[in-house]
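Peer 1: Sequence first, then the predicted structure, then my questions.
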Amino acid sequence: MTVKKLPLAKAINESLRTALEADPKVLVMGEDVGKLGGVFRVTDGLQKDFGEDRVIDTPLAESGIVGTAIGLALRGYRPVVEIQFDGFVFPAYDQIVTQLAKMHARALGKIKVPVVIRIPYGGGIGAVEHHSESPEALFAHVAGLKVVTPSNSSDAYWMLQQAIQSDDPVIFFEPKRRYWDKGEVTTDAIPGPLHKAKTVREGTDATLVAYGPMVKTCLEAAAAAAEEGKSLEVVDLRSVSPIDFDTVQASVEKTGRLVVVHEAPVFFGSGAEIAARITERSFYHLEAPVLRVGGFHSPYPPARVEEDYLPGLDRVLDAVDRSLAY
């Protein structure tokens, strides 16, 4: 068994390298992904080793990048597209929603469009709007797209492998402020299904459900709550579409309480769907309403106040206290 301790960004780099080595039809495309190695250096060294025909520096035109990737996928390739920042994806939104998401169904299942779109997302890096947003709900709402997001290095490595091997289009959200958090990666065996949630901390008093950058925050909240005698279970959702409601339901029916945490604004966010489904499924097990913690319904703020915008330990623990007070 090979175990490496890697930053999340390096785990993605290793995963891309593995995919490029294993399948000559895998391509990496995006702005500055080649010679520069990406703005976060996630693709560093790949063009040097695999050449300009497989790690392709594209023009600054997201619609053209995704449109080209769709054409390549229809010709049998497996393109992995990098969108430089979350807010830059919207020039390609039409291609993603009206073409990429619908082609399989439009062709009655006769064609496959195995495109992976990597999007660094979320705040916490001192950047401004279009560089710090969390638009995952906009893609999760679209039938025909899979939407996933790792919270740690091991999941980053393996989930990207699984996304590239999938015949469905996958939006792969990468929590950019966790890029340099290190974790163990075992590169010998896939740890589990791509869309399966994981219980990353056991507890009995309340369940915290999170994904991507907020999993670490919830684990820190659970550790702080334990010092006050509160036992919190933490579930890493990993996949935003589809959602593994069975794992969430099992946890909630054990604890009786649920707090959903994400960076994106609470209004019409993924937490709303989770709250509705768990209320439908587990109404008689709930000891309190499902509560949500997230960003505010406003454009992403300037860097000097982003810590007030982002959900932190205090807001998560306040929601836990409100839930336990019922």
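Peer 2: On my side now, so go ahead.

Peer 1: wait, isn't L100 in contact with K146?
Peer 2: No: the criterion here is CB atoms under 8 Å, and L100 misses it with K146 at 11.2 Å. (C-beta placed from N, C-alpha, C; glycine too.)

Peer 1: quick one, which of these two is more surrounded?
Peer 2: Per other CB atoms under 10 Å, whichever of L100 and K146 has more neighbours is L100, with 25 against 22.

Peer 1: wait, what's in contact with the residue nearest to the more buried one when sequence neighbours are not counted?
Peer 2: The shortest distance from L100 to any residue other than its chain neighbours is 4.9 Å, reached at P169 (CB to CB, 6 or more residues apart in numbering). With contacts taken as CB atoms under 8 Å, 6 or more residues apart in numbering, P169 has the following neighbours: 96, 100-101, 113-117, 144-146.

Peer 1: mind running it again at 10 Å?
Peer 2: Counting by CB atoms under 10 Å, 6 or more residues apart in numbering, P169 touches 66, 69-70, 73, 96, 99-104, 112-117, 139, 142, 144-147, 163.

Peer 1: Same question for K10.
Peer 2: Taking CB under 10 Å, 6+ apart, we find K10 in contact with 4, 41-42, 44, 153, 156-157, 179-180, 182, 185.

Peer 1: Filter these down to just the buried residues.
Peer 2: Of all these considered here, the ones buried according to neighbour count by 16 or more other CB atoms under 10 Å are 4, 42, 153, 156-157, 179, 185.

Peer 1: that older thread, list the residues that contact both of L100 and K146?
Peer 2: Taking CB under 10 Å, 6+ apart as the contact criterion, the residues that touch both L100 and K146 are 168-169, 171.

Peer 1: I figured V128 was touching P302, is that so?
Peer 2: Yes: here V128 lies in contact with P302, judged by CB atoms under 10 Å, at a distance of 6.5 Å.

Peer 1: neighbour count winner among those two?
Peer 2: Remark: of V128 and P302, V128 carries more neighbours, 15 against 11, as counted by other CB under 10 Å.

Peer 1: thinking again about what came up before, which of the contacts of K10 fall within strands?
Peer 2: Filtering the contacts of K10 for membership in strands, criterion DSSP state E, returns 4, 182, 185.

Peer 1: Check what pLDDT the second one gets.
Peer 2: The reference is to K182. Listed pLDDT for K182 reads 96.

Peer 1: The last one too?
Peer 2: As predicted, V185 sits at a pLDDT of 94.

Peer 1: Provide the partner residues of it in its beta bridges.
Peer 2: Taking DSSP bridges, one obtains K4 as the residues bridged to V185.

Peer 1: how close does it sit to Q161?
Peer 2: Distance, V185 to Q161, using CB to CB, to the nearest Å: 11 Å.

Peer 1: Hmm, R17 is touching K48, no?
Peer 2: No: contact criterion CB under 10 Å: R17 and K48 do not qualify, at 11.3 Å.

Peer 1: Could I get the full set of strands for this protein?
Peer 2: Taking DSSP E as the criterion, the chain carries its strands at 3-7, 26-30, 55-57, 78-82, 116-121, 146-148, 170-175, 182-186, 198-201, 206-210, 232-236, 239-241, 258-265, 291-295.

Peer 1: F245: how many residues sit nearby?
Peer 2: With other CB under 10 Å as criterion, F245 counts 18.

Peer 1: Lovely, talk soon.
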